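J.: need a structure here:
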Amino acid sequence: MKFNPFVTSEWSKNHKRHFNAPSHICRKIMSSPLPKELRQKYNVWSMPIRKDDEQIGKVVQVYRKKYVIYVVITRLKLDKDRKKILERKVKSRQVGKEKGKYKEETIEKMQE
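T.: Prediction:
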């Protein structure tokens, strides 16, 4: 059931938008989840993937045009831009907690 009248539910249009998306949107689509240790360390669930991020092997190339990436990041390559992204994400999560956006059970699960 569709709630938003401005969003299409037609598969062909969604397929077209997905594969013709510009690079800044592909970046979001091609994000990868972090393992439990990194989640606790950085307080972030997922990050957009980059070339030198490591999983059990190493991400050699990120090919945004074909959406070729299926990994879980085990070690982040931290440079100044990545650190800013992490700080921004953690800051927004803290604001959400202060506003009462999350339930107590959810906060407890996030801290585990």
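
J.: list phi and psi for residue 32.
T.: Main-chain torsions, residue 32, degrees, to the nearest 10: phi -130, psi 150.

J.: packing partners of the top helix by length along the chain?
T.: If you go by DSSP state H, the chain has its longest helix at helix 80-99. Using 3 or more Cβ pairs under 8 Å, 6 or more residues apart in numbering; DSSP states H and E, the elements in contact with helix 80-99 are strand 46-48. No exception for glycine: its C-beta is placed from N, CA and C like everyone else's.

J.: all strands for this structure, in order.
T.: 31-33, 46-48 (DSSP state E).

J.: between these, which one is nearest to residue 91?
T.: strand 46-48 (15.3 Å; Cβ to Cβ).

J.: centre of the chain to that closest one, how far?
T.: Put simply, strand 46-48 sits 3 Å off its chain's centre (Cα atoms, centre = their mean, to the nearest Å).

J.: show me which residues of that strand are buried.
T.: Going by neighbour count (16 or more other Cβ atoms under 10 Å), the buried part of strand 46-48 is 47-48.

J.: and that strand, what's its mean pLDDT?
T.: Over the span of strand 46-48, the pLDDT mean works out to 82.

J.: who does it pair up with?
T.: strand 31-33 (antiparallel) (DSSP bridges).

J.: give me the residues contacting the partner strand.
T.: 45-49, 53, 69, 71-73 (Cβ atoms under 8 Å, 6 or more residues apart in numbering).

J.: go through that strand and flag the buried ones.
T.: Residues of strand 31-33 classed as buried by neighbour count (16+ other Cβ under 10 Å): residue 32.

J.: can you list the low-confidence ranges for this structure?
T.: Within the chain, the stretches with pLDDT under 70 are 1, 54-62, 64, 66-71, 96-97, 100-103, 107, 110-112.

J.: spatially nearest residue to residue 28 (excluding sequence neighbours)?
T.: residue 48 (6.5 Å; Cβ to Cβ, 6 or more residues apart in numbering).
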